[in-house]
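In: Sequence and predicted structure below; questions after.
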Amino acid sequence: MLLSLVVHTYSLRYWFPATIMLGTAPAYLLSWGTWRLLSTILPAKVYHKLDDRLYCIYQSMVLFFFENYTGVEILIYGDIPKNKENVIYLSNHQCTADWIIADMLAIRQSALGHVRYVLKDGLKWLPLYGWYFSQHGGIYVKRSAKFNEMIMKKKLISQTQSGAPMYLVIFPEGTRYNPELKNVIADSQAFATKEGLAILRHTLTPRMKASHIAIESMRGHLNAVYDVTVAYEGTLSANGKRTPAPSMPEFLCKECPRIHIHFERVDIKEIPPEPVFFRRWLHERFEIKDRLLTDFYESDDANKLCSFPGEARHSPLNLSKTLPSVVILGGLTLPLLLTENGRKLYLRTWVYGTLLGWLWVNFFP
């Protein structure tokens, strides 16, 4: 009986925020859809401005749960620019919570609404979200031979021509690094050996195609690349072995006490445009990440273990940046749930919005 109560209490840590984040999606989509219809006669720049503002409201609510609710401590190594820029965000990839880290940095630069993602193709089937991410400027890509360069170039050029601010998140590894998936790591290292590249131990070998296309398609629009390395505290076992990073449910269950984020800004002018040199540049950036993570997990100096080099700056997120969004989205959702017609509209938005979204992202990727 007691054990059952503990288990249910523990699961509520996840289900409570998840229910609110998912439950407000129809109200958000209806608000965005209304604006999309009204803005059809307006310049694209005007549409993007309010779309980014709406997205900022939703993602601020998400950060309320992932930061304020969990109480996770954010440690940043390096200086985040105070002014907003058009950038590509390149990071190592180890769990689903990595997507939230990009939001955590963007909100500290007042650029949360500008965040757009390069996503693996399967995520377009997410109910409601799969469609909206595409509408907000996200790009779905397939791996290896199925990768469609023209679709990605076309969408990025369209975004830049319309003047959309850009904070494009890319995980060049293409899949998550999990220390328990030895076959994935071995395949990645074999690929590096085949290509004559240095073998990496704490990241996978980065694939260059999406990153190179993004940079070259938007070079005149971009200011910099943000090179980000993330490590989750609590992922080192008692016997000194790296363990998997927390999933989103585990993160919301407060299983990660601190996140260490190493940040470096690289001016766009410093990045070589030629594919062969770009591949070498990208791999060298991941060699740096690998050294940082090797020291984080394997340093012989106890003072350096579970930390990055340099001074760590504590960066708490003020409730004033997130709580109002919870109130706004809650205020939009409750009226739908409290009336019979509202509940019908709410349910239909989930069903028809999802079906329409699936059709849209397949015919207009």
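Out: Noted; the coordinates are in hand.

In: which residues of this structure score low on pLDDT?
Out: Along the chain, the model assigns pLDDT under 70 to residues 1-11, 144-145, 365.

In: ok, and for stretch 103-112, which residues are buried?
Out: Within stretch 103-112, the residues that count as buried by 16 or more other CB atoms under 10 Å are 103-109, 111-112. C-beta: built from backbone N, CA, C; applies to glycine.

In: Endpoints of that stretch, how far apart?
Out: End-to-end span of stretch 103-112 (CA to CA, to the nearest Å): 6 Å.

In: Tell me how far it lies from the chain's centre.
Out: Between the centre of stretch 103-112 and the centre of its host chain there is 11 Å, according to CA atoms, centre = their mean, to the nearest Å.

In: Same check on stretch 27-37?
Out: Its chain's C-alpha centre and that of stretch 27-37 lie 23 Å apart, by CA atoms, centre = their mean.

In: Could you do stretch 295-307 as well?
Out: On the basis of CA atoms, centre = their mean, stretch 295-307 sits 27 Å off its chain's mean C-alpha point.

In: got a list of what the residue nearest in space to the middle of the chain touches?
Out: With distances taken as CA atoms, centre = their mean, Trp99 lies nearest the centre of the chain, 2.3 Å away. Neighbouring residues of Trp99 by CB atoms under 8 Å, 6 or more residues apart in numbering: 117, 169.

In: ok, 10 Å please
Out: Counting by CB atoms under 10 Å, 6 or more residues apart in numbering, Trp99 makes contact with 62, 66, 91, 93, 115, 117, 119, 169, 171, 248.

In: ok, of those, which one's closest to Ile259?
Out: Ranked by distance to Ile259 (CB to CB), the contacts of Trp99 are led by Phe66 at 10.0 Å.

In: okay, now that closest one: neighbour count?
Out: Close neighbours of Phe66, defined as other CB atoms under 10 Å, add up to 26.

In: okay, now the closest residue to it other than its chain neighbours: neighbour count?
Out: Excluding the flanking residues, the one nearest Phe66 by CB to CB, 6 or more residues apart in numbering is Ile100, at 4.9 Å. Residue neighbour count, defined by other CB under 10 Å, stands at 19 for Ile100.

In: returning to what we had before: closest to Phe263 among the contacts of Trp99?
Out: Distance to Phe263, by CB to CB, is smallest for Ser91 among the contacts of Trp99, at 9.9 Å.

In: what's near enough to touch the closest one?
Out: Ser91 is in contact with 98-99, 101-102, 105, 169-173, 203, 226-230, 261-263, 289, counting by CB under 10 Å, 6+ apart.

In: Might one say that Arg279 is in contact with Ala192?
Out: No - using CB atoms under 10 Å, Arg279 is not in contact with Ala192; the gap is 11.3 Å.
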